[in-house]
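Novice: Build me a model from this:
(chains A, B, C and D)
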Number of protein chains: 2
Amino acid sequence: MPVGRDLFRFGETSKSIFNLLSGWVAIYTLLEDGRRQIVHFALPGAVMAVPTSNGAKISYGAQALTEVVVSVIPNTMLTTVLKDDPEVSMRLASRLARDISVAYDHMTSIGRRTARARVAYLLLELFTRHRAQWPGNHIEEMAIPLTQEQIGDATGLTFVHVNRVLSTLRKDKIVHFHYRRLRILDPDRLIEVAGVDAQTAMSWFE
Amino acid sequence: MPVGRDLFRFGETSKSIFNLLSGWVAIYTLLEDGRRQIVHFALPGAVMAVPTSNGAKISYGAQALTEVVVSVIPNTMLTTVLKDDPEVSMRLASRLARDISVAYDHMTSIGRRTARARVAYLLLELFTRHRAQWPGNHIEEMAIPLTQEQIGDATGLTFVHVNRVLSTLRKDKIVHFHYRRLRILDPDRLIEVAGVDAQTAMSWFE
DNA sequence: CGATGTCTTGAACCACCTCAAGCCCGGTGG
DNA sequence: CCACCGGGCTTGAGGTGGTTCAAGACATCG
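Specialist: As a prediction, this is how the structure comes out:
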């Protein structure tokens, strides 16, 4: 699937569950006035659009940020798989519980941190989640397929202010984000600015 | 369990899953400087602290806001139940998916709405979720066991500002919140102020 | 080599915060 | 039954972090 395409949209009733095999997807919600909040960045391995029992509508959308490969599993099939293999249902529940945890942390960032800390936190989160996929890779540089506007939508800021924050982070030689490439110059200070306590940070680095 | 007690805390490894039978519980996270974000209000029927597969630590805490009754289910037992009854695992997954959806909406509120809309949204959410438990009850009044400080922690505002917002909402004859009793004076305008589109609002009122 | 989306920077403004003081109300003990 | 105490609520005045509006520079792509 090409860049920019929506995998599913607000208001649809989920008849399938999506498994992201490769690429990045933004999960977002919209307000009537067009303002947007990106609530999650789905990375490979993510499971999306798990149906609620009463068949309620999905309240968010999913947009491909890169070329994307997904496997689509119809609900009917999901039901039989869960029936056959209890191991799978445990794993699904675990993954959803993990997603809730990530969402709560993200919410805390938006609700209680300064702009500088929010941006730092997001970059740190994306970096660690990305690296978790290729363990052993210790290069402090990666491609993040996001515009500053999308970073703003994820952190609850305007893109203008995201730009200013990124400038100061660059000036302070903490991170360098330019045209979708992220270089982490000073991991320790990034962790400090993000307001993550040292212990938690270490556990992120597995 | 008495008011104020923590059911579990940040950093523990979940050996059990909690099922809330009666009362209100606040799920919250803390920053090092003591600032707090309430990420969810658990109402009766809620399931809390579902373990992640790799046995990671819980990243949030749960505090009783009222007298509370919970049933504690050890993980080992959960495993066997899920194995025996595939129906249960479907329901668990659905409930977690629902929680994710609620979390995303809450996040959108904090990230993109004004203080006035955030408070209105929270009151509306609590009211509808509360009423969903006693269907057919159409009284527009309820007890909300929250201080203004806790409302602030949930909306990402200071309690001082929450107070000002509540004053204007009262002056505008939209809601009246006084000493933990909420009275909704003008549901339509509350929905409008909360920035919820009419269609979604109707589906909340099922 | 123009066209379009993204980034950058400045200046003015305002929503929300901080600090601070006083009040209300319920609970407790004398 | 009153005095006191403490937690929560209310209100004011002043400060600031982030927004808004606007204009220009920079990339990337047909």
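Novice: Contact distance from DNA strand D - what residues of chain A qualify?
Specialist: A:114-116, A:156-158, A:160-161, A:164, A:179 (C-beta under 7 Å from any atom of the strand). All C-beta atoms are positioned from the backbone trio N, CA, C, and that covers glycine.
Novice: if you set the cut-off to 10 Å instead, what comes out?
Specialist: A:33, A:35, A:113-119, A:152, A:155-165, A:178-181 (C-beta under 10 Å from any atom of the strand).
Novice: any idea how chain A splits into domains?
Specialist: A:6-107, A:114-204 (automatic domain parsing).
Novice: of all those, which lies closest to B:Val50?
Specialist: Closest to B:Val50 of those is domain A:6-107 (C-beta to C-beta; 4.0 Å).
Novice: for that closest one, how far is the first residue from the last?
Specialist: 24 Å (C-alpha to C-alpha, to the nearest Å).
Novice: ok, of the residues of chain A next to DNA strand D, which come out buried?
Specialist: Listed as buried from the residues of chain A next to DNA strand D are A:113, A:115-119, A:152, A:155-157, A:162, A:165; burial here means 16 or more other C-beta atoms under 10 Å in any protein chain shown.
Novice: can you put these in JSON lines and add pLDDT?
Specialist: Formatted as JSON lines, these follow (pLDDT from 0 to 100):
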{"residue": "A:Arg113", "pLDDT": "97"}
{"residue": "A:Ala115", "pLDDT": "97"}
{"residue": "A:Arg116", "pLDDT": "97"}
{"residue": "A:Ala117", "pLDDT": "97"}
{"residue": "A:Arg118", "pLDDT": "97"}
{"residue": "A:Val119", "pLDDT": "98"}
{"residue": "A:Gly152", "pLDDT": "97"}
{"residue": "A:Thr155", "pLDDT": "98"}
{"residue": "A:Gly156", "pLDDT": "97"}
{"residue": "A:Leu157", "pLDDT": "98"}
{"residue": "A:Val162", "pLDDT": "97"}
{"residue": "A:Val165", "pLDDT": "97"}
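Novice: Would you reformat the domains of chain A as CSV and include distance to DNA strand C?
Specialist: Formatted as CSV, these follow (distance: least, C-beta to the nearest atom of the strand, whole Å):
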stretch, distance to DNA strand C
domain A:6-107, 10
domain A:114-204, 3
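Novice: Enumerate the beta-bridge partners assigned to A:Asn19.
Specialist: The partner list for A:Asn19 in beta bridges (DSSP bridges) reads A:Val47, A:Ser71.
Novice: For it, give me its contacts.
Specialist: By C-beta atoms under 8 Å, 6 or more residues apart in numbering or on different chains, the residues touching A:Asn19 are A:46-48, A:70-73.
Novice: likewise A:Asp6?
Specialist: A:Asp6 neighbours (C-beta under 8 Å, 6+ apart): A:61-64.
Novice: if we go to 7 Å?
Specialist: The neighbours of A:Asp6, taking C-beta atoms under 7 Å, 6 or more residues apart in numbering or on different chains as the test, are A:61-63.
Novice: same deal with A:Ala120?
Specialist: So A:Ala120 contacts A:169, A:190, A:193-194 (C-beta under 7 Å, 6+ apart).
Novice: Next, give phi and psi for A:Leu185.
Specialist: phi -90, psi -40 (degrees, to the nearest 10).
Novice: For the most centrally placed residue in chain A, grab phi and psi.
Specialist: Computing the C-alpha centroid of chain A and ranking residues by C-alpha atoms, centre = their mean puts A:Phe41 first, at 2.1 Å. Main-chain torsions, A:Phe41, degrees, to the nearest 10: phi -110, psi 120.
Novice: my read: it touches A:Tyr28, true?
Specialist: No. The pair A:Phe41 / A:Tyr28 is not scored as a contact, 10.0 Å apart, by C-beta atoms under 7 Å.
Novice: check which helix or strand covers A:Val3.
Specialist: Following DSSP states H and E, there is no helix or strand that holds A:Val3.
Novice: Could you report the neighbour count for it?
Specialist: Per other C-beta atoms under 10 Å in any protein chain shown, the neighbour tally for A:Val3 reads 13.
Novice: follow-up on the earlier one: go through the contacts of A:Asp6 and name the one nearest DNA strand D.
Specialist: A:Gln63 (18.9 Å; C-beta to the nearest atom of the strand).
Novice: Could you tell me whether that closest one really is in a helix?
Specialist: No. If the criterion is DSSP: H, G, I helix; E, B strand; the rest coil, then A:Gln63 is strand and not within a helix.
Novice: buried residues in the top helix by length along chain A?
Specialist: What stands out as the longest helix in chain A, according to DSSP state H, is helix A:86-112. Within helix A:86-112, the residues that count as buried by 16+ other C-beta under 10 Å are A:86, A:88-90, A:92-112.
Novice: And the helices in chain A?
Specialist: Using DSSP H, helices in chain A cover A:75-84, A:86-112, A:115-133, A:148-155, A:159-171, A:187-194, A:198-204.
Novice: quick one: buried residues of the last one?
Specialist: Along helix A:198-204, the positions that meet the burial threshold by neighbour count (16+ other C-beta under 10 Å) are A:201, A:204.
Novice: average pLDDT across it?
Specialist: Confidence over helix A:198-204 (mean pLDDT, whole number) is 73.
Novice: now what about it, what contacts it?
Specialist: With contacts defined as C-beta under 7 Å, 6+ apart, helix A:198-204 is touched by A:128, A:191.
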